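Colleague: Sequence below, structure please.
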Amino acid sequence: MQRYTVKQLAKLSGVSVRTLHHYDAIGLLKPARLGDNRYRYYEEPEVLRLQQILFHRELGFSLQEIAELLDRPDFDRLAALRAHRVRLERQAQRYAELVMTIDRTIADLNGKRTMQHDELFKGFSPEKQAGYEQWLIERYGGEMQAGVDASKRKLESLTDAEKARLLEELAEIEASLAEACRQQVPSDSTAIDVVINRHRSWVGVMWNRACPPDAYAGLADLYLSHPDFRARYEALAPGFTEYLAAAMKAHASRVRS
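Modeller: Numbering: from 1, shown residues only. This is a model prediction of the structure:
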């Protein structure tokens, strides 16, 4: 039977060594055995369990929820895989439409085709956007309602080219932060101050007003709590959802102090 050390499993799965150590510490993924050299060794059952953990993380489950689910006596790995496949197929269809929207926008901006305005928003879910807005309003009250309304007015005033530039800027910011995550730069490190400041400023532009520290920290909670955001951020780098949220909260704490 093939065995993996923690470093080998990290390389195989794309999960950091630190994360595997954390999963061991909380009992989510224990190694098959410890060698005389104190090395952790993982075998096929652990590799398959890690796959299930990552699938459930992609779908927005918390670590506690995953542990409770996987440790149930009636847990059926095949049934879980089939359910994952159905959910991912639905997501893949929506993401494929978003990719086509991006391609059409790029072609339009390069002058290669004329794009209808309704094509700019193919793949975006009005229901989900309304849900995100309602979450913020319920948490922060009337002030956030005013902020949401101001944000909508701001977006309506932008040209298609301006909206595209904003999305390009966000992609650059998120790519820089995802790389910091992959390089295991601490989320509260001042090394990412410049880019996290850019992120908060970008949010302020989208909100059409300054983004106060408490609201920025609340936005981090939104990213953590919604599967849609998790799916997008985890596609950039494993563990990026938690990393980004922690960086946002650390920044908010520094600004408040």
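Colleague: Would you confirm that residue 66 contacts residue 54?
Modeller: No: with contact defined as C-beta atoms under 8 Å, residue 66 does not count as touching residue 54 (9.5 Å). Backbone N, C-alpha and C define where each C-beta goes, glycine included.
Colleague: out of these two, which sits in the busier spot?
Modeller: Using other C-beta atoms under 10 Å as the criterion, residue 66 and residue 54 rank with residue 66 on top: 21 against 16.
Colleague: That one sits in which helix or strand?
Modeller: Using DSSP states H and E, residue 66 sits in helix 63-70.
Colleague: Hmm, residue 31 is touching residue 46, no?
Modeller: Yes: proximity of residue 31 to residue 46 meets the contact threshold set by C-beta under 8 Å, at 6.5 Å.
Colleague: sorry, back to before: tell me which residues in the helix holding residue 66 are buried?
Modeller: Within helix 63-70, the residues that count as buried by 16 or more other C-beta atoms under 10 Å are 66, 67, 70.
Colleague: Adding pLDDT, write those out as CSV.
Modeller: Output for the buried residues of helix 63-70, formatted as CSV (pLDDT from 0 to 100):
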residue, pLDDT
66, 86
67, 88
70, 88
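Colleague: Can I get the residues you listed in TSV including distance to residue 81?
Modeller: Below are these laid out as TSV (distance: C-beta to C-beta, whole Å):
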residue	distance to residue 81
66	15
67	18
70	13
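Colleague: ok, so of those residues, who is nearest residue 169?
Modeller: residue 66 (34.1 Å; C-beta to C-beta).
Colleague: Which elements pack onto whichever strand or helix holds residue 231?
Modeller: Using DSSP H and E, residue 231 falls within helix 227-236. Counting contacts by 3 or more C-beta pairs under 8 Å, 6 or more residues apart in numbering; DSSP states H and E, helix 227-236 is packed against helix 44-58, helix 160-182, helix 213-225, helix 240-256.
Colleague: Can you check what angle separates that helix from helix 160-182?
Modeller: Here helix 227-236 runs at an angle of 70 degrees relative to helix 160-182 (axes from the mean of the first three to the mean of the last three C-alpha atoms, to 10 degrees).
Colleague: Looking at the buried residues of helix 63-70, spot the one nearest residue 158.
Modeller: residue 66 (40.0 Å).
Colleague: that older thread, taking the helices and strands packed on helix 227-236 together, which one is wrapped up most tightly?
Modeller: Greatest average neighbour count among the helices and strands packed on helix 227-236 goes to helix 240-256 (a mean of 20), per mean count of other C-beta atoms under 10 Å.
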